[in-house]
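Engineer: 3D, please:
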Amino acid sequence: MNLALHYPILQVIIPMLVAPIALLMPNRKLAWALATTTSLCAFALAIAIAQLVLEGSSHAYPLGDWPAPFGIELRVDSFSAIVLIIVSGASTAALLAGFQSLALEIDQDRATLFYAAWLLALAGLSGIVVSADAFNIFVFMEIASLASYILVAGSSDRRALPAVFKYLIMGTIGATFYLIGVGLLYIMTGTLNLADLEVRILLVEDQAPILMAAGFISVGLALKAAIFPLHAWLPNTYAYAPHAVTAFLAACSTKVALYVFLRIDFFVFQRTLTEHASQFSIYLLPLALAGILYGSAMAMREPHTKRLFAWSSVAQIGYIVLGASLISNAGLSAAIMHMFNHALAKGAIFLAVVVLASQCSTLGPNALNGLGRKHPVVGIAFVVAGLSLVGIPGTAGFISKWLLIEAILDYHRWSVPLLIVVLLSSIMAVVYVYKVCEALFFKTPDTANSQPLPRLAVVTVLVVSAANLVFGMAPGLPLELANSAASVLLEHTL
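Structural biologist: Okay, here's the model as predicted:
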C-alpha cells in the first residue's frame, strides 16, 4: 500500500481521532505531550505533501473510492500545501512554546479538554484546506471555530469572555452567510464539489442567484478573515486569549479563511460572472488600502502589546488582499507568499510574548520595560521578527513586500498611489515595532522578576525567528509553492 496516497485524509483524521484520547489523559502533561506529538506528525505530513505537490501537480483523494461529484473528495495542490504547512507549523510551535505558560493560564481541571479542543481546531483548519467540497468546507469551518472559541475562553483573564462572545457572534454570522451562499449554488447547479461547480455553473442562464451567492460567500469569508472593516472581533480575541493560543490563531486562522476566499472566488466565480474580475478588484482594493492604513495607525497608538500586534495583523491582511485584488500572477504570488511570511513573523513575535509574559503579570503599557536587556537572546529574536514584519532586506517579510511592489508596478493603474500606501505603512510599521523594542531595551524595568525563562519556549522562539532569516535569504521552497499556487488560481479565470 502506498501510504503517500492517504496523506490528505491522514492530515485530518489523525488529530481528530487523537482529540478524544487527549481528553482521557490522566493529567495535563500527558495531554500536552499527546497534542504536541500529533501536531508534529501533522507538520511532517504537510511537508511531505508539499514535496509531492512540487514533484507533480495536484492529488485527489476520493473517500470510500466514490468518485466526485458522487462522493466526498479531498484535494491538495500547491496552494493547499503551503497553507497546511502554515497551520501545522503554527500549531506545533505554539504547543512547544506554551507548555509552561498554558499551565499557568488555563484551569488545570479542564486542561485535557483544552488540548482536545486544540487538536479539533487543528483538524478543522486542516480539513478546510484539503476539502474539495463547498459544504464540507463549512463543516470543517464549524469544527475549527467551535474549538477556537474554547481555546480563547480558556484564558484566566476574565476579559477573554466578552472577547470570545464577540468572536462567536461574528464567526457565526460569517458562517451563516457562507452557508446561504453555498445553498444558492446548490439550488442552481445541484452539486457542491468545487470542480463540478466550475463546470455546471457555466450552464446557468440566470446569473442573479450566482451573484447573490458570491456576495454572501464573500462577506461571510471576509468576516472570518477579518478583512477591513469586518475585523472587529480580532483585536480583543488576540489580546485576551492565552498567549500560546494567540500565537497559534494569529499565524494561521485568518490565512485559512483567506485561502477559502481566494479558492472559491477564483475556482467558481471568476470564470462565470461577467466582469467579476474587475468587480473583485474594484471592491477589494480600496478595502485593502484602508485596512493597511487603519490597522497600522491603530497599532501605532495602542499601548497593550498583544493588541498592538493584533491591529498590525489587520494591516498585514490588507497586504494579502491588496496582492490578490491585482488579479495577476505576480500579485497572487506576492499575496500567498505574504501569507507564509506573515505567519513566520507574527508567529515569532507572539511566541516571544509567550516567553516574556513569564516575567510580568500583565502585558500593559510598561510590562515589557527592560526585559530585552535582561534577556537579550529573546529580545534579539523579537527584533528579528519585528524587522521581518516591517520588511527589512534579509528577512522573509522583505521578499513578499518586494514581490508586492513588483506586482504593483506591473499593474499600471494607480501604481503610484498604491506604492505610496505600501511604503507609508512600512514606515508606520517601523514606528510601532520600534515602540516595543524601545521598551524592551531602553526603558527601566518597573519590577524585578527573577523567574527563569521557559527553556523549551526560548528554543522555539529562536527557531521560528531564525526561520525569518533563512527564508529571507533562501526563499526557494515557499516561493516555488506560491508561484505554483498563483498559476493554479489564474487557470480558473476567463
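Engineer: Quick check, pLDDT for residue 440.
Structural biologist: Residue 440 is assigned a predicted lDDT (pLDDT) of 85.
Engineer: and residue 456, how many neighbours?
Structural biologist: Per other CB atoms under 10 Å, the neighbour tally for residue 456 reads 16. C-beta here means a position set from N, CA and C on the backbone, and glycine is covered the same way.
Engineer: Is it part of a helix or strand, or is it coil?
Structural biologist: Under DSSP: H, G, I helix; E, B strand; the rest coil, residue 456 falls in the helix class.
Engineer: And for residue 368?
Structural biologist: Following three-state DSSP, residue 368 is assigned to coil.
Engineer: ok, it touching residue 440?
Structural biologist: Yes - at 5.5 Å, residue 368 and residue 440 qualify as touching, with contact defined as CB atoms under 8 Å.
Engineer: what helix or strand is residue 300 on?
Structural biologist: Using DSSP states H and E, residue 300 sits in helix 276-301.
Engineer: Alpha carbons only: can I get the helix or strand following that helix in CSV?
Structural biologist: Using DSSP H and E, the next helix or strand after helix 276-301 towards the C-terminus is helix 305-325. Taking C-alpha atoms only, helix 305-325 is exported to CSV below (Å, rounded to 0.1, in the frame of the first residue of the first chain):
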residue,chain,number,x,y,z
THR,A,305,1.5,44.7,23.4
LYS,A,306,-0.7,41.9,22.2
ARG,A,307,-3.5,44.2,20.9
LEU,A,308,-0.8,46.3,19.2
PHE,A,309,0.2,43.3,17.1
ALA,A,310,-3.4,42.3,16.6
TRP,A,311,-4.0,45.7,14.9
SER,A,312,-0.9,45.0,12.9
SER,A,313,-2.5,41.8,11.7
VAL,A,314,-5.4,43.9,10.3
ALA,A,315,-2.8,45.8,8.2
GLN,A,316,-1.0,42.7,7.1
ILE,A,317,-4.2,41.1,6.0
GLY,A,318,-4.6,44.2,3.9
TYR,A,319,-1.3,43.5,2.1
ILE,A,320,-2.6,40.0,1.3
VAL,A,321,-5.9,41.3,0.0
LEU,A,322,-4.1,44.0,-2.0
GLY,A,323,-1.9,41.5,-3.8
ALA,A,324,-4.9,39.3,-4.6
SER,A,325,-7.0,42.2,-5.8
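Engineer: Okay, buried residues for helix 305-325 please.
Structural biologist: 305-325 (16 or more other CB atoms under 10 Å).
Engineer: Next: stretch 179-194.
Structural biologist: Judged by neighbour count using 16+ other CB under 10 Å, the buried positions of stretch 179-194 are 179-185, 188-189, 191-194.
Engineer: Pick out whichever of the residues you listed sits closest to residue 482.
Structural biologist: Lowest distance from residue 482 to the buried residues of stretch 179-194 (CB to CB) belongs to residue 194, with 20.6 Å.
Engineer: Show me the shaky parts of the stretch 51-200 of the chain.
Structural biologist: Scanning the stretch 51-200 of the chain with the threshold set as pLDDT under 70 gives 57-58.
Engineer: name the helices or strands packed onto the helix or strand hosting residue 183?
Structural biologist: According to DSSP H and E, residue 183 maps onto helix 160-189. Using 3 or more CB pairs under 8 Å, 6 or more residues apart in numbering; DSSP states H and E, the elements in contact with helix 160-189 are helix 134-153, helix 194-200, helix 208-225, helix 234-240.
Engineer: follow-up on the earlier one: okay, the buried residues of stretch 179-194 in CSV with distance to residue 278 next?
Structural biologist: Shown next, in CSV, are the buried residues of stretch 179-194 (distance: CB to CB, whole Å):
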residue, distance to residue 278
179, 28
180, 25
181, 21
182, 25
183, 27
184, 22
185, 22
188, 23
189, 24
191, 27
192, 28
193, 28
194, 23
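Engineer: And the residues you listed, which two are furthest apart?
Structural biologist: The span of the buried residues of stretch 179-194, defined through CB to CB, is set by 180 and 193 at 18.9 Å.
Engineer: gap between the helix or strand harbouring residue 372 and the chain center?
Structural biologist: Using DSSP H and E, the element containing residue 372 is helix 371-374. Taking the mean of its C-alpha atoms, helix 371-374 sits 29 Å from the chain's own mean (CA atoms, centre = their mean, to the nearest Å).
Engineer: after that helix comes which helix or strand?
Structural biologist: Downstream of helix 371-374 (by DSSP H and E), the next one is helix 376-390.
Engineer: Any figure for the gap between the closest residue to residue 472 other than its chain neighbours and residue 387?
Structural biologist: Of all residues not flanking residue 472 in the chain, residue 395 sits nearest, at 4.1 Å (CB to CB, 6 or more residues apart in numbering). Using CB to CB, to the nearest Å, residue 395 is found at 5 Å from residue 387.
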